[in-house]
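Colleague: need coordinates for the following:
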Amino acid sequence: IAGMNELHRIVDNIVTPLQQQGEEHGIQVCAYHHGQCIIDYTSGARNSTNKPLTPDSLMFCWSMTKGITSLCIHILAERGLLEYDDLVCRYWPEFVQNGKHFISIRQLLAHTSGMCHMPQVTVSEMCDWDGMCDRFATMAPIYHPGEVPAYHAISYGWLVGEVVRRVSGRSLTQFVQEEICTPLGITDLHIGLPANRLSDCADVSYDNLPHPLNIDAVGTEQMFTHPDTFANREDVRQACMPAINMLSSARALAQVYASLVGDGVHGVRLLSSRRVDILRTVQRLSLDATVGFRLAMGLGFQLPDHHTDLFKSMSNRRGVFGHGGWGGSWVFADPDYDFAFVITKTHMNHNADITPVGLAVAQAVRTHLGIPEA
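Modeller: As a prediction, this is how the structure comes out:
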């Protein structure tokens, strides 16, 4: 307990001044080391009425969602129900249209399929799973599949999620609950929120940071101009958008990543260590056409890259894998040190003049544990 209190103080000393300056609002931090929870920190407000954030408040995760969606594919692969180099149209025949014949599951996971763009739709159309998948089935890739790394910022969810649905016979919402949450005893992680949990959500706020993407990648005007309004909509929270709309506590998400390293958590490992070695192997490390900077990708997970400061929250060491979320949230696992870390936050910010809170907190926790940065 002494070590946990010490870590709590270290994290609080980073977070509290940022909250006092108005740079951050509500924050949750949770980390596991050798299968034990070593910090479970929550501070700040969950909405504009200053209702306090709690450890089980559900936070809008943006692209941290992609790691959980990717995990669904790896669970299916581990069971022998698909291979990464299988063609998508083997399971989703309608996808074959318009030059997508040879797109593989691996290309989706590595963001090299050329399907990085979105149909231009309303938010309510985005909430209709079958309608969105029908649109993607008829669309053409904008790059030759396999040729150009281009982050599938929003499209990833339907492309990968429909493969999960076709292979497993279950919606991604259901698959996540049955194959990830139930084995770990987690009740606070959802991609497609039940109506009875809407009142547990923290609200997203936004500092009007420069948008990292163009409208072609985003697909809907409201997400582009007012991502906070978009994320706080009840229909968005209840829909299944597996690239962006997971609602989870840091505690729940940390348990999932802790189940991928060491002896897992509570005796449960969701994937074998061999499978984790496969998913954290670099698939491509090059300039990304969507985001405009270098991106190191494994199979559905972002990897550290010593050339890109953005990923330093994960450290600079090869072998760590995870995913950032728009606005500064992070989740990652470090198999070499049996470590898993999550920071969730209510306020999306991009102040280049301060060290991002995720980086500062992750580095401080690693320093406390004696885990090297490089």
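Colleague: give me the contact list for the biggest helix by length in the chain.
Modeller: Using DSSP state H, we find that the single longest helix of the chain is helix 2-20. The contact list for helix 2-20 (CB atoms under 8 Å, 6 or more residues apart in numbering) reads 24-25, 27, 29, 31, 38-39, 41, 43-44, 354, 357, 360-361, 364-365, 368. (Glycine included, C-beta is placed from N, CA and C.)
Colleague: which secondary structure elements does the helix or strand of the chain with the lowest mean pLDDT sit against?
Modeller: Least confident helix or strand of the chain, by mean pLDDT, DSSP states H and E, is helix 215-218 with a mean of 83. Applying 3 or more CB pairs under 8 Å, 6 or more residues apart in numbering; DSSP states H and E, one finds that helix 215-218 makes contact with helix 221-225.
Colleague: if we can go back for a sec, what's in contact with the least confident helix or strand of the chain?
Modeller: Residues beyond helix 215-218 that count as contacts (CB under 8 Å, 6+ apart) turn out to be Cys116, His117, Met118, Gln120, Tyr151, Ala153, Ile154, Ser155, His211, Glu221, Phe224, Thr290.
Colleague: just the buried ones from those residues?
Modeller: Cys116, His117, Met118, Tyr151, Ala153, Ile154, Ser155, Thr290 (16 or more other CB atoms under 10 Å).
Colleague: before we move on, the earlier item: show me the contacts of helix 2-20 that map onto helices.
Modeller: Per DSSP H, the subset of the contacts of helix 2-20 in helices is Val357, Ala360, Val361, Ala364, Val365, His368.
Colleague: and of those, the nearest to Ala137?
Modeller: Val357 (40.2 Å; CB to CB).
Colleague: helix, strand or coil: sort out the residue nearest the centre of the chain for me.
Modeller: The residue lying closest to the centre of the chain (CA atoms, centre = their mean) is Met64, at 1.3 Å. Put simply, Met64 is helix when judged by DSSP: H, G, I helix; E, B strand; the rest coil.
Colleague: show me what the nearest residue to it once chain neighbours are set aside bridges to in the sheet.
Modeller: Spatial nearest neighbour of Met64, chain neighbours left out: Gly325 (4.1 Å); criterion: CB to CB, 6 or more residues apart in numbering. Counting by DSSP bridges, Gly325 is bridged to Ser329.
Colleague: where do the strands sit along this protein?
Modeller: For the chain, the strands defined by DSSP state E occupy 27-33, 36-43, 59-60, 189-191, 205-206, 246-248, 284-287, 294-297, 321-325, 329-334, 339-345, 347-348.
Colleague: quick one: which of those is nearest Cys72?
Modeller: Nearest to Cys72, of these and by CB to CB, is strand 189-191 at 9.3 Å.
Colleague: for the closest one, which strands pair with it and how are they oriented?
Modeller: Sheet pairing for strand 189-191, using DSSP bridges, gives strand 246-248 (antiparallel).
Colleague: what mean pLDDT does the partner strand get?
Modeller: When pLDDT is averaged over strand 246-248, the result is 98.
Colleague: which residues does Val320 contact?
Modeller: Val320 neighbours (CB under 8 Å, 6+ apart): Arg280, Leu303, Pro304, Met314, Phe332, Ala333, Asp334, Pro335, Asp336.
Colleague: quick check, nearest of the residues you listed to Glu179?
Modeller: The closest of the contacts of Val320 to Glu179 turns out to be Ala333 (CB to CB; 17.7 Å).
Colleague: just give me the neighbour total for the closest one.
Modeller: A count of neighbours around Ala333, defined by other CB atoms under 10 Å, yields 28.
Colleague: quick one: pLDDT of the nearest residue to it once chain neighbours are set aside?
Modeller: Excluding its sequence neighbours, the residue lying closest to Ala333 (CB to CB, 6+ apart) is Tyr257, at 4.2 Å. Tyr257 is assigned 98 on the pLDDT scale.
Colleague: got it, and Ala2?
Modeller: 66.
Colleague: and what of Glu24?
Modeller: Glu24 is given a pLDDT of 95.
Colleague: could you find the closest non-adjacent residue to it?
Modeller: Per CB to CB, 6+ apart, closest to Glu24 is Leu18, 4.2 Å.
Colleague: could you give the number of residues near the one you found?
Modeller: Each residue near Leu18 was counted by other CB under 10 Å, and the total is 22.
Colleague: same check, this time on Ile215
Modeller: Neighbours around Ile215, by other CB under 10 Å: 15.
Colleague: if I look at it, how far off is Val121?
Modeller: Using CB to CB, to the nearest Å, Ile215 is found at 12 Å from Val121.
Colleague: repeat that for Glu6.
Modeller: In terms of CB to CB, Glu6 sits 49 Å off from Val121.
Colleague: measure stretch 75-87 end to end?
Modeller: End-to-end distance for stretch 75-87: 18 Å, by CA to CA, to the nearest Å.
Colleague: contact partners of it?
Modeller: Outside of stretch 75-87, the residues within contact range by CB under 8 Å, 6+ apart are 73, 91, 101-106, 109, 163-164, 167-168, 179-180, 270-272, 275, 299.
Colleague: type out the ChimeraX command that picks the buried ones from those.
Modeller: Of these, the buried ones go into a single ChimeraX selection, burial set by 16+ other CB under 10 Å:
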select :73,91,103,104,105,106,109,163,164,167,168,179,180,270,271,275,299
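Colleague: got the CA coordinates for the longest helix of the chain in CSV?
Modeller: Taking C-alpha atoms only, helix 2-20 is exported to CSV below (Å, rounded to 0.1, in the frame of the first residue of the first chain):
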residue,chain,number,x,y,z
ALA,A,2,2.9,2.4,0.8
GLY,A,3,4.1,2.1,-2.8
MET,A,4,0.6,2.7,-4.1
ASN,A,5,0.3,5.9,-2.0
GLU,A,6,3.6,7.1,-3.2
LEU,A,7,2.6,6.6,-6.8
HIS,A,8,-0.7,8.3,-6.1
ARG,A,9,1.2,11.3,-4.8
ILE,A,10,3.6,11.4,-7.8
VAL,A,11,0.7,11.3,-10.2
ASP,A,12,-1.3,13.9,-8.3
ASN,A,13,1.6,16.3,-8.3
ILE,A,14,1.6,16.2,-12.1
VAL,A,15,-2.2,16.3,-12.7
THR,A,16,-3.3,18.8,-10.1
PRO,A,17,-1.4,21.8,-11.4
LEU,A,18,-2.6,21.1,-15.0
GLN,A,19,-6.2,21.0,-13.6
GLN,A,20,-5.7,24.3,-11.7
